[in-house]
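Enquirer: Fold the stuff below for me.
(one chain, ligands or ions: 1)
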Amino acid sequence: MEKVALLIEFKAGRVKKANFGMATLVRRSGKAMCAFVVNDSAAEAQAALEPYGVQQVVAIRSGGPGAAWDPARWARAIAAAMDRFGITQLVGLTTPQGRDLLPRIAAQLDAPLIMDCLEVDLDRQMVKTSRYSGKTVATIRLSGRHFIYGLRGNAVEAQKAPVAAERLSFDDTPGGDGGFEVLETRSDGGEALNLAEADVIISGGRGMKSGENFRLLFDCARLINGAAVGASRVAVDLGWVPYRMQVGQTGVKVNPKVYIACGISGSVQHFAGMKSSGMIIALNTDPNAAILAHCDYYAVADLFDVLPELKRQLTASMSSAE
Ligand SMILES: Cc1cc2nc3c(=O)[nH]c(=O)nc-3n(C[C@H](O)[C@H](O)[C@H](O)COP(=O)(O)OP(=O)(O)OC[C@H]3O[C@@H](n4cnc5c(N)ncnc54)[C@H](O)[C@@H]3O)c2cc1C
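Expert: Model (predicted):
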């Protein structure tokens with residue numbers, strides 16, 4: 001039976017939740033699957049992925065300096081592992097790590113690569129992905145000997161299908177650097193939930209009026225389990241919040257179950273990053289704001305009235321649940 005590989009990502013030593021949707025995608029295809037874990041804990045991956053039907057975990061060791069994160073060496077090791085295990089299809093995530101690694105693997109294998117896939121048909125090597133700032137969804141058929149896909153976070157809802165997985169290992173032969181050396185890796189500072197993985201996102205735009213006022217959004221997010229805070233480009237360009245929080249065409253493309261836009265007008269470029277959200281809720285003082293025509297629910301109201309009240313209600317519901 002053909003085997004498809006998943007490229008597993010970790011955050012702070014734990015398998016990221018977005019990997020589970022990836023495993024569900026492959027399991028539904030009926031193909032066997034193995035998880036590639038590079039220089040991280042295969043035991044943690046095995047425990048986390050068995051409930052989602054992953055039958056094999058391959059611990060890949062990529063040595064040399066910068067072993068902790070060295071995309072050039074990792075790409076070479078992953079391509080070699082695909083060769084060793086006879087794998088032609090690899091699914092990863094469209095995350096900062098995936099964006100750095102997957103194109104390198106594709107280059108190593110001279111393989112077609114599609115990032116930000118919304119759907120992947122592993123039998124016919126066909127994918128759906130958005131194009132033209134999200135105005136259209138393209139269906140693309142790939143041809144070649146190997147195929148690399150970057151799945152959008154949350155594109156596939158994770159479903160459990162427990163199995164027992166075996167653990168294998170693969171050591172990449174050291175030698176030859178990747179043309180550069182990683183001297184230092186710095187965290188972007190947050191324990192903040194990755195936008196691409198969040199089930200609920202509450203975002204702010206120019207209507208927030210200042211960076212300090214984003215505290216209102218962080219307070220509400222903390223009270224909603226699994227929520228992250230995003231922003232429009234204006235809020236980023238004004239220096240209120242860091243770029244990693246930007247949602248949109250030139251920011252992160254997100255796919256949460258619920259997206260709450262506060263003081264965001266709804267430009268085409270912002271929509272390009274969040275239009276596939278399950279439910280869109282907007283808060284805006286302008287009854288003619290573009291976003292109101294494209295959301296599921298809205299309130300024409302001042303966010304400085306609504307957000308403190310939302311925080312109060314969330315706090316009250318938490319204390320009554322205790
Ligand atoms: C090439 C290109 C790429 C771009 N990429 C992106 C991108 O990735 N992401 C992105 O977001 N933008 C992007 N933009 C910018 C985009 O065109 C818009 O300028 C931007 O999205 C507008 O941000 P905003 O909605 O926060 O601000 P505005 O359009 O100024 O809207 C602010 C809104 O807040 C409302 N408001 C004000 N006060 C309150 C209040 N007290 N309570 C409630 N509502 C209030 C106003 O009614 C208004 O609707 C891009 C632009 C270009 C040209």
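
Enquirer: and the worst-scoring helix or strand of the chain on mean pLDDT, how far out from the chain's middle?
Expert: Of the helices and strands making up the chain, the lowest-confidence element is strand 10-11, at a mean of 90, by mean pLDDT, DSSP states H and E. In terms of CA atoms, centre = their mean, to the nearest Å, the centre of strand 10-11 is found 12 Å from the chain centre.

Enquirer: same thing with stretch 217-231?
Expert: Relative to its parent chain, stretch 217-231 has a centroid offset of 17 Å by CA atoms, centre = their mean.

Enquirer: One more: stretch 50-57?
Expert: 20 Å.

Enquirer: And stretch 26-39, by the same measure?
Expert: On the basis of CA atoms, centre = their mean, the separation between the geometric centre of stretch 26-39 and that of its chain is 17 Å.

Enquirer: Need the CA coordinates for it. PDB is fine.
Expert: The C-alpha trace of stretch 26-39 is given here as PDB (Å, rounded to 0.1, in the frame of the first residue of the first chain):
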ATOM      1  CA  VAL A  26      -4.200  11.300   5.000                       C
ATOM      2  CA  ARG A  27      -6.100   8.700   6.900                       C
ATOM      3  CA  ARG A  28      -9.300   9.600   5.000                       C
ATOM      4  CA  SER A  29      -7.400   8.800   1.700                       C
ATOM      5  CA  GLY A  30      -7.100   5.200   2.900                       C
ATOM      6  CA  LYS A  31      -3.300   5.300   2.400                       C
ATOM      7  CA  ALA A  32      -0.800   4.200   5.000                       C
ATOM      8  CA  MET A  33       0.900   7.100   6.800                       C
ATOM      9  CA  CYS A  34       4.100   7.800   8.600                       C
ATOM     10  CA  ALA A  35       5.100  10.800  10.600                       C
ATOM     11  CA  PHE A  36       8.600  12.400  10.100                       C
ATOM     12  CA  VAL A  37      10.000  13.900  13.300                       C
ATOM     13  CA  VAL A  38      13.300  15.800  12.800                       C
ATOM     14  CA  ASN A  39      15.500  16.200  15.800                       C
END
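
Enquirer: got the contact list for it?
Expert: Contact partners of stretch 26-39, identified using CB atoms under 8 Å, 6 or more residues apart in numbering, comprise 1-8, 10, 19, 23, 45, 49, 52-62, 67-68, 74, 77-78, 81, 85, 87, 90-91, 121-123, 161, 165, 168. The C-beta positions use only the backbone N, C-alpha and C, and glycine is treated the same way.

Enquirer: quick one on the thing from earlier: and the least confident helix or strand of the chain, which strands flank it?
Expert: Listed by DSSP bridges, the sheet partners of strand 10-11 and their directions read strand 14-15 (antiparallel).

Enquirer: next helix or strand past the partner strand?
Expert: For strand 14-15, the following helix or strand on the C-terminal side (DSSP states H and E) is helix 18-28.

Enquirer: Helix or strand next in line after that next one, which one?
Expert: Scanning forward in sequence from helix 18-28 by DSSP H and E, the next helix or strand is strand 32-38.

Enquirer: and the angle for that following strand with helix 18-28?
Expert: Relative orientation of strand 32-38 and helix 18-28, computed by axes from the mean of the first three to the mean of the last three CA atoms, to 10 degrees: 150 degrees.

Enquirer: Going by neighbour count, list what's buried in strand 32-38.
Expert: Going by neighbour count (16 or more other CB atoms under 10 Å), the buried part of strand 32-38 is Ala32, Met33, Cys34, Ala35, Phe36, Val37, Val38.

Enquirer: Just give me the closest of those residues to the ligand.
Expert: The shortest approach to the ligand among the buried residues of strand 32-38 belongs to Val38, at 30.3 Å (CB to the nearest ligand atom).

Enquirer: pLDDT at the spatially closest residue to that closest one that is not a sequence neighbour, what is it?
Expert: Setting aside the residues directly before and after it, Val38 is nearest to Ile60 in space (CB to CB, 6 or more residues apart in numbering), at 4.7 Å. What the model reports as pLDDT for Ile60 is 95.

Enquirer: Same check on Asp188?
Expert: 64.

Enquirer: re earlier: helix or strand: which one has the residue nearest to Val38?
Expert: For Ile60, the host element (DSSP H and E) is strand 56-61.

Enquirer: Could you report the separation of the nearest residue to Met33 once chain neighbours are set aside from Leu101?
Expert: The shortest distance from Met33 to any residue other than its chain neighbours is 4.4 Å, reached at Val26 (CB to CB, 6+ apart). For Val26, the distance to Leu101 (CB to CB, to the nearest Å) stands at 18 Å.

Enquirer: do the same with Thr129
Expert: Taking CB to CB as the measure, Thr129 falls 18 Å from Leu101.
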